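Asks: here is the input, now give the coordinates:
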Amino acid sequence: MNELLLSLCCVLRVLDLQVPEFRVTMSIETDKFDALYKRLKPHGVTMTALLAKAVGVALASHPVMFAACTPDGNGITYNERINVALAAAMPDGGLITPVLKDADKVDIYQLSRNWADLVKRARGKQLQPDEYNSGTFTISNLGMYGVDTFDAILPPGRSAPFVMHLLQYCSDLSVMQSCD
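Replies: Below you'll find the model as predicted:
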């Protein structure tokens, strides 16, 4: 196991026990979102970037949703930036969460270019630590692999992982949020 994976395993195991979590789940209609994606896709916009942008804009209006409990559980840390971490598969079967920084402010076309660059460099193991550990909100979508439901681990220093389950080419999206 490489040093990054070993460190991640140790930190997640300890912190998962220190801060209590709860989860909420709901389905949302995505007709308008799907129509927007169909208009933007020919211009190089990826679904990942569009989801990150949508989450970034929503979080800008609700700062408590990307705040996090302090490690001792006695307070709340409000993040200044909306840095959206998204799960990306690695060639060796692992996962890494590259970060789209300032997802609320960067335009959608640049977010798409940034995401392509981050994934390419992640798979080449060329990311700098700040490019995978500076997320303040996390999106995970195992639904694209046919998974019906799963629980996300609340990463240290990040708030509320947003779990998505795309429901097989229909206009519904099942979302779950783990919160501290």
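Asks: so Gly135 touches Ala87, yeah?
Replies: No - if you go by Cβ atoms under 8 Å, Gly135 and Ala87 don't touch, sitting 10.6 Å apart. Any C-beta I mention is one placed from the backbone N, CA and C, and that applies to glycine too.
Asks: out of those two, which sits in the more crowded spot?
Replies: Shown here are Gly135 and Ala87; by other Cβ atoms under 10 Å, Gly135 has more neighbours (27 against 17).
Asks: and the pLDDT for the residue nearest to that one when sequence neighbours are not counted?
Replies: In space, and not counting its chain neighbours, Gly135 is closest to Ala85: 2.8 Å by Cβ to Cβ, 6 or more residues apart in numbering. As predicted, Ala85 sits at a pLDDT of 89.
Asks: ok so, going back, show me the common contact partners of Gly135 and Ala87, please.
Replies: Shared contacts of Gly135 and Ala87 (Cβ atoms under 8 Å, 6 or more residues apart in numbering): Thr97.
Asks: Ala103 against Ile82, yeah?
Replies: Yes - using Cβ under 8 Å, Ala103 is in contact with Ile82, at 5.3 Å.
Asks: ok, the two, which is more surrounded?
Replies: Ala103 (30 against 25).
Asks: circling back: which neighbours do Ala103 and Ile82 share?
Replies: Gly56.
Asks: how near is the residue nearest to Met65 when sequence neighbours are not counted to Leu51?
Replies: Once flanking residues are discounted, Met65 sits nearest to Leu59: 5.5 Å by Cβ to Cβ, 6+ apart. As judged by Cβ to Cβ, to the nearest Å, Leu59 and Leu51 stand 12 Å apart.
Asks: likewise for Ile82?
Replies: The spacing between Ile82 and Leu51, counted by Cβ to Cβ, is 13 Å.
Asks: could you pull up the mean pLDDT of the helix or strand that contains Gln110?
Replies: Counting by DSSP states H and E, the element that carries Gln110 is helix 108-123. For helix 108-123, mean pLDDT is 95.
Asks: what comes up buried for it?
Replies: Across helix 108-123, burial judged by 16 or more other Cβ atoms under 10 Å covers Ile108, Leu111, Ser112, Asn114, Trp115, Leu118, Val119, Ala122, Arg123.
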